[in-house]
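In: I would like to see how this sequence folds:
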Amino acid sequence: MLAFAIYFVAGTITGYHLYTLLSFALYGAPFNLLELLALLGSFCLLIAAYVSLFRPHAAARVALIACLVMWSFYGPAIAKIVRTRFAKPAAVAQCAYPRIGSTADQLLPAS
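Out: A predicted model of the protein is given here:
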């Protein structure tokens, strides 16, 4: 019964998340094919939840495959977040452009 609850909650939450991401395509936002694949993984988790009531070992195999499919979408996103959090910001030098019409005496300080 615990496996049913975990599979059902995980499949429902991730399915809702991916459904809302795909619904933005109605407004013209581009969608990624990995979102469709991960939505299929969420649906497989719901199937695994149902199967877990009768055949727990088969449901565990289906859930493992579903989770691997869903990680094709969530894994790269997590990796990008980790990379950007621990990356050092680039040092940017400020460029001072001379004004138009200025001479060398105005640009260089007198020594």
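
In: Need the residue closest to the centroid of this protein.
Out: With distances taken as CA atoms, centre = their mean, the residue of the chain nearest its centroid is Ala77 (3.1 Å).

In: what's the helix or strand for that residue?
Out: Under the criterion of DSSP states H and E, Ala77 resides in helix 56-86.

In: any idea of the mean pLDDT in that helix?
Out: In this model, helix 56-86 has a mean pLDDT of 91.

In: so how far is Leu21 from the residue nearest to the centre of the chain?
Out: Using CB to CB, to the nearest Å, one gets 11 Å for the distance from Ala77 to Leu21. (Each C-beta comes from the backbone N, C-alpha and C, glycine too.)

In: Ala58: what's it in contact with?
Out: Applying CB atoms under 8 Å, 6 or more residues apart in numbering, we find Ala58 in contact with Val51.
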